[in-house]
Every structure is written in C-alpha cells, then in structure tokens.
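[1] My questions concern the predicted model and sequence given below.
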Amino acid sequence: MTSSPTRPSTMPPTNAPRMNLVVLDMAGTTVADDGLVELAFTAAAERLGEDPAAMIDYVRATMGESKISVFRHLLGGDETRAHQANLAFEEAYGTLVSEGRIAALPGAAGTIAALREQGRTVVLTTGFARVTQDAVLDALGWRDLVDLTLCPADTGGRGRPCPDMVLGALLRTGAVDDVRRTVVAGDTSYDMLSGVRAGAGIVAGVLTGAHDEAALRRHGATHVLASVAGLPAAIEAAEAAGGTGAGRGAATRPPSSRPPPRPR
C-alpha cells in the first residue's frame, strides 16, 4: 500500500484524493443492527442474573463503545463478571449472526467499493471482539471488501470514544501523512468523539443507527448524512471546496464526555 508523499499539508498531491483514509463503523453504519446488540445484551444480562431493563438505557447511550468497557461500568468494575458478561454477549450475538439475522445496510458494499475506486483506503472498525467481527464479515462475505478491519483488541484494548482505532488505521495502512486527511463515519456519539479526538478532517454521522442528528452534531460531526451512501459525494465536495470538512456543520459547543441516551 502506498503512502501519500511527504509534503506540507496545505499542498496535498494533485494526482490523488486528499482524504485518502476512510474509517467506517460497522453495526448501524455499514451493517444493519435491527436490535441485535440489544438482544445480545439482554441475553448476557439474564445469564448473569441481572435485570436487563436496568441496563438498557446505558447500553443505548454508549453504542459504539467497546462492549467489555460497557460491562465493566454496568457491573461496578467487577472484572471477572464483566468478562463473563462480555463472553455471554459475544456468544449471543454470534448465534444471532449464525441464524442469518445480519445484513448489510442498503448501498453499503457499493459505497465501500466506490470509495476504493476513488483511490481511498477503507478500514472497518467495531466495538465487538475479533471473533464477533470475523463472524459478521464471514456472514456478509466481506473478508476482501476493505483494506483492513480493526477491533479494540487490535489497537491496545481501548475502544471508542478513544481515538485508538482511527489512529491505528492510519499507522497500519500508511494511507495518509496527515491525520486531517482521514475521514471517520459512524452512527453513534462515540464514533463522533473518536474521530474528533483523532483529529480527522471529516467526521460524518449517519442516521441509520443508534443516535439522532442532534446527538451526532453535539459530539463533533462535521457532516450528518442520511446513510453512508452519501459519503463519497460529501468527501468529493469537501475536496472540491479546497479543504477538509472540519468546521462545516460542526457542533457549536465542545463535545461532552458522555453521549446522551438515544431518544425512544
């Protein structure tokens, strides 16, 4: 994989797209969720004798975060029980996938193909464990669809809202020489925070998943799109305007540290 030439960021290569690295979330952004995450969390909570109803608001608010981190919080920092719950979640989600209850969002595969045809490197990220991510990729036939896939364990264990997976995508692919030439897209407030904290030039929220436009903008979205299918055009428009998307349509106040619950 070839990196962009090293030169001042104000003078990007004229023969290649400036925004050469696109980091996409999976569930809710490129993969239809249809309540599977909540179903798996419910199964995990019940297996541990916990009340799912007491947990579900936090689960919705933290969509996009590493699942083990969510369980650590919900179970008061009990590491043993958190790992038991996370394993139960992964098993339940894997069962749902194996039953055929997983599908790509309309236009997602074509959008990824279009981004790569434009010369951009595409990376899929998730808050799931590697075993679950691989199960989803296999079920969709997406093993060869993108240049790289990452889960929290691949970048030191910290998931969103930390910037680690975005920065890991940059370091592993070498696709850009300036983090501002990175595009991050996702459906949750944590996706937005992760992109902002990584310094991405475009942080695009999509309305096909967990959080609404107000929450996405409040947590740093430079763009809010109906779906990921609008991303190639949004990137090209930003490039044609002579820069990245940072600042256009962004939040009017600094992102908070905790996303609000999803409206029901």
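    Now that the structure is in, tell me what you want to look at.
[2] Can you list the buried residues in stretch 226-236?
    Buried residues in stretch 226-236, counting neighbours by 16 or more other CB atoms under 10 Å, are found at 227-232, 234-235. Quick note: C-beta positions are derived from backbone N, CA and C, even for glycine.
[3] Ok, stretch 58-65 next?
    Applying 16+ other CB under 10 Å to stretch 58-65 flags 59-65 as buried.
[4] Need the contact partners of it.
    By CB atoms under 8 Å, 6 or more residues apart in numbering, the residues outside stretch 58-65 that reach it are 25, 28, 37-38, 41, 69-70, 73-74, 127, 159-161, 186-191, 194, 209-211, 258-262.
[5] just to revisit the earlier point, and the buried residues of stretch 226-236, which is closest to residue 80?
    residue 228 (37.8 Å; CB to CB).
[6] Give me the pLDDT for the closest one.
    The score at residue 228 is 96. That number is its pLDDT.
[7] May I ask you to confirm that it is in contact with residue 107?
    Yes: applying CB atoms under 8 Å, one finds residue 228 in contact with residue 107, separated by 7.2 Å.
[8] Distance of residue 145 relative to residue 230?
    Taking CB to CB, to the nearest Å as the measure, residue 145 falls 19 Å from residue 230.
[9] Please apply the same query to residue 167.
    Residue 167 is 25 Å from residue 230, by CB to CB.
[10] Equivalent analysis for residue 193, please.
    21 Å.
[11] Contact partners for the closest residue to residue 26 other than its chain neighbours?
    Closest residue to residue 26 apart from its sequence neighbours, by CB to CB, 6 or more residues apart in numbering: residue 126 at 4.5 Å. Listed by CB under 8 Å, 6+ apart, the contact partners of residue 126 are 25-27, 132-133, 136, 149-151.
[12] for the buried residues of stretch 226-236, which one is nearest residue 18?
    Using CB to CB, the buried residues of stretch 226-236 come closest to residue 18 at residue 235, 8.9 Å.
[13] I figured the closest one hits residue 184, correct?
    No: taking contacts as CB under 8 Å, residue 235 lies outside contact range of residue 184: 11.5 Å.
[14] joint contacts of those two?
    residue 202.
[15] And the pLDDT for the closest residue to residue 163 other than its chain neighbours?
    Spatially, and ignoring its direct neighbours in sequence, residue 163 is nearest to residue 198 (3.6 Å; CB to CB, 6+ apart). With respect to pLDDT, residue 198 has a value of 96.
[16] how far away is residue 198 from residue 88?
    31 Å.
[17] Between the two, which has more neighbouring residues?
    residue 198 (22 against 19; other CB atoms under 10 Å).
[18] what about the helices in the stretch 1-150 of the chain?
    For the stretch 1-150 of the chain, the helices defined by DSSP state H, counting those that start in this stretch cover 36-47, 56-61, 67-74, 79-98, 108-117, 130-140.
[19] Quick one, which of the ones you listed gets closest to residue 173.
    That would be helix 108-117 among the helices of the stretch 1-150 of the chain, by CB to CB, at 12.2 Å.
[20] Could you list every helix and strand in contact with the closest one?
    The elements that helix 108-117 packs onto, with contact taken as 3 or more CB pairs under 8 Å, 6 or more residues apart in numbering; DSSP states H and E, are strand 121-125, helix 231-240.
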